[in-house]
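[1] what's the 3D shape of this:
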Amino acid sequence: MTPEEFTARYMPQFSEQQKAAVRETEGPVLLLAVPGSGKTTVLVTRLGFMALCRGIDPAHILAVTYTVAATRELRARFASRFPELAERTPEFRTINGLSSKIIEACGRQRGAAFALQENAGELAALVGRIYQALNGEYPTDSTIREVRTAITYCKNMMLGADEIAAQDFGLPRFSELYARYCAALREARQMDYDDQMAYALAILRKQPEILAEFQARYPYLCVDESQDTSRVQHAIIELLAKKSGNLFMVGDEDQSIYGFRAAYPEALLRFSSVWPGAKTLLLEDNYRSTPEILHLAGAFIAGNRDRYPKTIRAAREPGCRVRLAHAASRQAQYRYLLALAQKRDAPFAVLYRNNDSALPLIDALERAGLPYRCRSFDDTFFTHRIVCDVQDILCFAAAPDDAERFLRIYYKFGVMISKEAAQAACAQSARTHASILDCLLAQAGLSDEGRERVRRLRAGFESLKTLPGEALMRTIWGTLGYGSFVAERRPDPGKYFILHMLAAREPSAEGFLARLTALRQTIRAHADAPGAPLTLSTIHSSKGLEYERVYLLDIHDGVLPSRPDAADGAEDERREYEEDRRLFYVAMTRAKDELTLFEYPDAPSAFIREARGYLPVPVREKDDFAAIVPENACGLRYRHGTRGEGSILAQCEDELLVAFPDGDSLMQAGQMLLERSRETRFRQPDTPAAAPAPDAQALCPGSVVRHKKYGPGRIVSLDGPFADIRFEGETAPRRFNLAQSLRSGFLFAAR
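    Have a look, this model is predicted:
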């Protein structure tokens, strides 16, 4: 097939940039593809072009993708687009799949050395045992996940012992734990998935015959989503492509959002230095989003330093402008989204950084019986140390002789209780069945100050038995002093807000604990409702996807960005800050038709402030009637004709969320004017601070006066309270109540 025939058949709608990428088949090429640019279609089409127009055997092409799901998609799309190549397809693999083949090849020559441990439960149990041995307590499931993520990072970044010791993962004695974990796997002759790549790299470096075998097998390499590829993965790819130099790397450093998994976008930035003479191609046309969305996204990401200069261009016609939704508080954004879900209107997606952010919304949706779909949700929140501590505190308040729980929490309230004293009080409680805190107060060695602190602690625990949900959290954080412990240890204080919201609708500690248990079970058993208009997803899970309408939840300092002050910090801090910016960019570019950002006063956002500067400012003419609707009406009161007085919680243009005594309602501004209460309350007018009223007694026949309507005149005669006045130009006098006319200001004495 000639290139012209291929173009006519497979690329009739391709842009010039897309065609150029398909036709570039030799040598090192870096293809930088903006979101929504059709990069997967281009990559698949290029594979067909190589086989049909360049005569390259597809068996000599290795297409590497980031995930197993992406591998399946590439394979399926190639088969669908080029059915004539059904018997001659390229090799589609993840790096782990490729590593497995390399290790197998080594095993055939030298025998199997290590077995792959695929059981995640076994690896988690190993981490738990080592953590417990080092730190004296068994980690929660959440902590185990954090440890395993840190292990993955170290192995994928190929860090040495000193570099690992210098890392701050917020995990106690991590470098020792890491060394013991690796030693335990070696002793068992096992490897995890990260080891698999490290071993494959070692084989390629140390056994040239195996390297030569794979270089000969795959003289053409294509790498998709290369911005998410780790350092060890890039090292494997570089070795395999070194001989032929035929490396086609597709990615976008602006979309690198997996730094916590050791994604290494630096490989894209140094591509031309590693591969001299490499070509850099661009796909800059976005076929997904409106120009308004792309203008904001492009202007925002241009603020990053470590990136290639490129422009994201809209291929679509103009649409809705990006909307800024004002909310009275962070909590109000959840009530607004719930009201949207209750409308069961057009489909929309809510995106957020962490699964924690979705929990209050899921709680509200479940209570209201509303359907929704949820991508990649887990129950990590419920196993976090803070959440476990709160549950222990509430359970201990209900059972003050529970020694197991007391020994897990006693040192977290700033009361300065020694471990020996705590254990002794627990032992005495077990003998006497008295409360542990009473036993602690009875100890002889307790100082007066210590005794007073324990009394306050006991009183705080007693109050927890009768307080409703929100007050429970305030008491735990403030009165009991647990908030100070969290602030010192920094184990994610953002959990407080989520717990506070989940507790808000519960009347007691018992109800709150039951709700946490029920919500965790709900999340574990959740099945997506078919056809549900609402989709919930983390931004990471939404990558590669698109939605007609997108609302971004919890874009504020401390969440996204996690550290706004890191913008001008050390190199590592700035790198993390720029990844946060890329995450926001990816989130915005998921939206096809509508994008809505929230802004609220109690949680400021560096990103929203910056985004505001790129949004067009509405012009409100003074004589425009529509200008009576304020841009931000949050906090104003509204009186409905039948539902009574409400308060405005949120506003997105002319759509407002009003909280009434019987529930929240989304209302249009025009609807609110029509349905407002017509009852008008009156009050007495303020007494004007006017000059003293003229004295009617001072006037007499012959006095000159002036009337506002009739002009100058003269009093002809007086008859009790009445005066007959003849005005200039008139022959007959007119009669007035003299005192009343003077008070009303219509008549006054001429000067």
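[2] my read is residue 460 is in a strand, agree?
    No - the assignment for residue 460, made by DSSP: H, G, I helix; E, B strand; the rest coil, is helix rather than a strand.
[3] okay, now it: neighbour count?
    Applying other CB atoms under 10 Å, we find 19 residues neighbouring residue 460. Bear in mind the C-beta positions are built from the backbone N, C-alpha and C, glycine included.
[4] So it is in contact with residue 477, correct?
    No - when contacts are counted by CB atoms under 8 Å, residue 460 is not listed as touching residue 477 (11.0 Å).
[5] elements contacting the helix or strand bottoming out on mean pLDDT in the chain?
    Least confident helix or strand of the chain, by mean pLDDT, DSSP states H and E, is helix 738-744 with a mean of 79. With contacts taken as 3 or more CB pairs under 8 Å, 6 or more residues apart in numbering; DSSP states H and E, helix 738-744 sits against strand 747-749.
[6] What is the strand it packs on packed up against?
    strand 704-707, helix 738-744.
[7] let's see it at 6 Å
    strand 704-707 (3 or more CB pairs under 6 Å, 6 or more residues apart in numbering; DSSP states H and E).
[8] Could I get the buried residue list for the strand it packs on?
    For strand 704-707, burial by neighbour count (16 or more other CB atoms under 10 Å) applies to 705, 707.
[9] what packs against it?
    Judged by 3+ CB pairs under 6 Å, 6+ apart, strand 704-707 is in contact with strand 711-719, strand 747-749.
[10] Apply 8 Å and report the result again.
    Packed next to strand 704-707, using 3+ CB pairs under 8 Å, 6+ apart, are strand 711-719, strand 722-727, strand 747-749.
[11] and of the ones you listed, who's closest to residue 552?
    Of all the helices and strands packed on strand 704-707, it is strand 747-749 that lies closest to residue 552, at 65.9 Å by CB to CB.
[12] Other residues contacting that closest one?
    694, 698-699, 703-708, 736, 738, 741-742 (CB atoms under 8 Å, 6 or more residues apart in numbering).
[13] do the same with stretch 428-437
    Contacts for stretch 428-437 (CB under 8 Å, 6+ apart): 400-403, 406, 425-426, 438-439, 442, 454, 457-458, 461.
[14] let's see 6 Å
    Applying CB atoms under 6 Å, 6 or more residues apart in numbering, the external contacts of stretch 428-437 come out as 400-401, 406, 425-426, 439, 458.
[15] count of residues packed around residue 197?
    25.
[16] Checking my notes, it in a helix, right?
    Yes - checked against three-state DSSP, residue 197 lies within a helix.
[17] Hmm, residue 98 and it touching each other?
    No - in this structure, residue 197 is not within contact of residue 98 by CB atoms under 6 Å, at 8.8 Å.
[18] Surely residue 22 is in contact with residue 45?
    Yes - between residue 22 and residue 45 there is a contact under CB under 6 Å: 5.1 Å.
[19] Leaving out sequence neighbours, find the closest residue to residue 320.
    Of all residues not flanking residue 320 in the chain, residue 594 sits nearest, at 5.3 Å (CB to CB, 6 or more residues apart in numbering).
[20] can you pull up the bridge partners for the one you found?
    Beta bridges link residue 594 to residue 549 when assigned by DSSP bridges.
[21] Quick check: it touching residue 547?
    No - here residue 594 does not reach residue 547: they are 9.2 Å apart, not a contact under CB under 6 Å.
[22] Now stretch 468-478: average pLDDT?
    Averaged over stretch 468-478, pLDDT sits at 91.
[23] All the helices of the stretch 551-700 of the chain, residue numbers only.
    For the stretch 551-700 of the chain, the helices defined by DSSP state H, counting those that start in this stretch cover 571-588, 606-612, 669-675.
[24] Could you export the ones you listed to a markdown table, including columns for mean neighbour count?
    Listed next are the helices of the stretch 551-700 of the chain as a markdown table, based on neighbours: other CB atoms under 10 Å:
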| stretch | mean neighbour count |
| --- | --- |
| helix 571-588 | 21 |
| helix 606-612 | 18 |
| helix 669-675 | 14 |
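[25] Kindly reformat these as a markdown table containing mean pLDDT and distance to residue 312.
    Below are these laid out as a markdown table (pLDDT from 0 to 100; distance: least, CB to CB, whole Å):
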| stretch | mean pLDDT | distance to residue 312 |
| --- | --- | --- |
| helix 571-588 | 93 | 9 |
| helix 606-612 | 94 | 15 |
| helix 669-675 | 88 | 34 |
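[26] looking at those helices, which is closest to residue 483?
    Judging these by CB to CB, what sits closest to residue 483 is helix 606-612, at 24.5 Å.
[27] Touching the closest one from outside, list them.
    Under CB under 6 Å, 6+ apart, the answer for helix 606-612 is 555, 557, 561, 564, 584, 597, 599.
[28] which ones are touching the first one?
    Yep, that's residue 555 we're talking about. Contacts of residue 555 (CB under 6 Å, 6+ apart): 605, 607-608.
[29] Quickly name whichever of those residues is closest to residue 390.
    Once CB to CB is applied, the member of the contacts of residue 555 that ends up nearest residue 390 is residue 605, at 26.8 Å.
[30] How much space separates the residue nearest to the closest one when sequence neighbours are not counted from residue 354?
    Of all residues not flanking residue 605 in the chain, residue 556 sits nearest, at 4.1 Å (CB to CB, 6+ apart). Distance, residue 556 to residue 354, by CB to CB, to the nearest Å: 12 Å.
[31] buried set for stretch 317-333?
    321-333.
[32] for stretch 100-109, same thing?
    Within stretch 100-109, the residues that qualify as buried are 100, 102-103, 105-106, counting by 16+ other CB under 10 Å.
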